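J.: 3D, please:
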Amino acid sequence: MQAPRGGTELQFEYLKKHVDESLLDKVQITTSVPEKIPLHPTKPNILWQKNSYDQPNLRPWFLDKNNHKKYDWYVFNSHWNYEQFRKEFDIPTEKCLVIKNGIDNIKPRNLQKKDKKVKLIFHPTPWRGLNVMLATMQLIKNPNIELDVYSSCEVYGTAFKQMNDKHYEELYSQAKQLPNVNYIGYKPNEYIKENLHKYDMFVYPNIWEETFCISAVEAMAAGLYIITTDFGALYETCAEFSTYVPYQHNHLSLAANFAFAVENAAPNLNNPGVQKHLSFQVDYVNQYYNWTKIGMAWTNFLKGILNAK
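T.: Model prediction:
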């Protein structure tokens, strides 16, 4: 049985890799779901909140303001996520801070394309916009544009896959039948990172409010051209580097606008201005989202709260 290895689990692995173990042993960090492990009676309790404010397993706990005092600190993965919790639940702002997610080194692609084929990658979970992405591919006329789909529920473990993948079999089947789409299915994060440099664009017509989006940052680090919606925290995470397609509830209209954005960008990847933009993007991500920097932020935060205690 495969254990879950989504963004939360991967970031916790990075935390343990980049922050001294003796420091982590002096606090208790709970990820996303309050009290999924018992509160520690003597150590500072930290809730590392990555899930969205509207998750049904979170709302009852946060709506009860008596619970807010149970944690000494709340760490959020984006300013967008923090603001949603602040507005929705009136959490104590003096106990909150933002430390963003991070990545390790990722091999960048060769920005100078040598062929006309434009390879797209979609690897978020299926409920985050696979339906829109497949509709997009049916509207694209350029025969040189090809999409690889790695979308699956398996990223959250075997049990989750067995319970939920059946709801998306129709989408997987559709992906297998489209002439400009290759359905590959689940691959672990290590495989995705090692192969990102083989792609030209990260395409994500997101219909799920992302609280950060690690996959977008990994793609940015690999030098991929980014096209997403402006839903949730994506505009914060991707800054000025992504082409943003305005989110809308009408998914057919969203697909049409997304197809236009993809077809408009595809012929221009060798444009010197675009290549300069992507080179700056790689530098930006390696500067601000590298776990060496993120680990230092955590180290300073933990030392500060322990000294204050």
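
J.: can you give me the buried ones in the helix or strand of the chain with the lowest mean pLDDT?
T.: Taking mean pLDDT, DSSP states H and E as the measure, the helices and strands of the chain show their lowest mean at helix 158-164, namely a mean of 86. Of the residues in helix 158-164, Phe160, Lys161, Asn164 count as buried by neighbour count, 16 or more other Cβ atoms under 10 Å. C-beta: built from backbone N, CA, C; applies to glycine.

J.: buried residues in whichever helix or strand comes after it?
T.: Next along the chain after helix 158-164, taking DSSP states H and E as the criterion, comes helix 169-177. Residues of helix 169-177 classed as buried: Leu171, Tyr172, Gln174, Ala175 (neighbour count, 16+ other Cβ under 10 Å).

J.: contacts only, for the closest residue to Lys70 other than its chain neighbours.
T.: When the adjacent residues along the chain are set aside, Lys70 lies closest to Leu39, with 5.9 Å between them (Cβ to Cβ, 6 or more residues apart in numbering). With contacts defined as Cβ atoms under 8 Å, 6 or more residues apart in numbering, Leu39 is in contact with Gln28, Asn45, Lys70, Tyr71.

J.: 10 Å instead, please
T.: The contact partners of Leu39, taken as Cβ atoms under 10 Å, 6 or more residues apart in numbering, are Gln28, Thr30, Asn45, Leu47, Lys70, Tyr71, Asp72.

J.: can you put these in a markdown table and add secondary structure?
T.: Rendered in a markdown table, the data for the contacts of Leu39 read as follows (DSSP: H, G, I helix; E, B strand; the rest coil):
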| residue | secondary structure |
| --- | --- |
| Gln28 | strand |
| Thr30 | strand |
| Asn45 | strand |
| Leu47 | strand |
| Lys70 | helix |
| Tyr71 | coil |
| Asp72 | coil |
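
J.: neighbours of Asn67, how many?
T.: 15 (other Cβ atoms under 10 Å).

J.: figure out the length between the terminal residues of stretch 121-138.
T.: 16 Å (Cα to Cα, to the nearest Å).

J.: buried ones in it, by neighbour count?
T.: Going by neighbour count (16+ other Cβ under 10 Å), the buried part of stretch 121-138 is 121-126, 128-137.

J.: now do stretch 65-82
T.: For stretch 65-82, using 16+ other Cβ under 10 Å, the buried residues are His68, Tyr71, Asp72, Trp73, Tyr74, Val75, Phe76, Asn77, Ser78, Trp80, Asn81, Tyr82.

J.: and stretch 194-201, by the same measure?
T.: Neighbour count says stretch 194-201 has Leu196, Tyr199, Asp200, Met201 buried, by 16+ other Cβ under 10 Å.

J.: ok, now which ones touch the third one?
T.: If I follow you right, that is Asp200. Contacts for Asp200 (Cβ under 10 Å, 6+ apart) come out as 109, 111, 113, 117-121, 145-146, 223-225, 265-266, 269, 278.

J.: C-alpha coordinates for stretch 189-204, PDB please?
T.: What follows is stretch 189-204, C-alpha atoms only, in PDB (Å, rounded to 0.1, in the frame of the first residue of the first chain):
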ATOM      1  CA  ASN A 189       7.100  13.500  -7.700                       C
ATOM      2  CA  GLU A 190      10.700  12.500  -8.300                       C
ATOM      3  CA  TYR A 191       9.900  11.300 -11.800                       C
ATOM      4  CA  ILE A 192       8.000  14.400 -12.600                       C
ATOM      5  CA  LYS A 193      10.800  16.700 -11.500                       C
ATOM      6  CA  GLU A 194      13.400  14.700 -13.400                       C
ATOM      7  CA  ASN A 195      11.400  14.900 -16.600                       C
ATOM      8  CA  LEU A 196      10.000  18.500 -16.500                       C
ATOM      9  CA  HIS A 197      12.800  19.800 -18.600                       C
ATOM     10  CA  LYS A 198      11.500  17.700 -21.500                       C
ATOM     11  CA  TYR A 199       8.300  19.800 -21.700                       C
ATOM     12  CA  ASP A 200       7.700  23.300 -23.000                       C
ATOM     13  CA  MET A 201       4.500  24.400 -21.100                       C
ATOM     14  CA  PHE A 202       2.900  23.800 -17.800                       C
ATOM     15  CA  VAL A 203      -0.900  24.100 -18.400                       C
ATOM     16  CA  TYR A 204      -3.300  24.300 -15.500                       C
END
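
J.: can you give me phi and psi for the residue nearest to Lys70?
T.: Taking degrees, to the nearest 10, you get phi -60, psi 140 for the backbone angles of Leu39.

J.: now swap in Phe62 and tell me
T.: Listed backbone geometry of Phe62 is phi -70, psi -30, with angles given as degrees, to the nearest 10.

J.: ok so, going back, columns secondary structure on top of the buried residues of stretch 65-82, output as JSON lines?
T.: Compiled in JSON lines, the buried residues of stretch 65-82 are given as follows (three-state DSSP):
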{"residue": "His68", "secondary structure": "helix"}
{"residue": "Tyr71", "secondary structure": "coil"}
{"residue": "Asp72", "secondary structure": "coil"}
{"residue": "Trp73", "secondary structure": "strand"}
{"residue": "Tyr74", "secondary structure": "strand"}
{"residue": "Val75", "secondary structure": "strand"}
{"residue": "Phe76", "secondary structure": "strand"}
{"residue": "Asn77", "secondary structure": "coil"}
{"residue": "Ser78", "secondary structure": "coil"}
{"residue": "Trp80", "secondary structure": "helix"}
{"residue": "Asn81", "secondary structure": "helix"}
{"residue": "Tyr82", "secondary structure": "helix"}
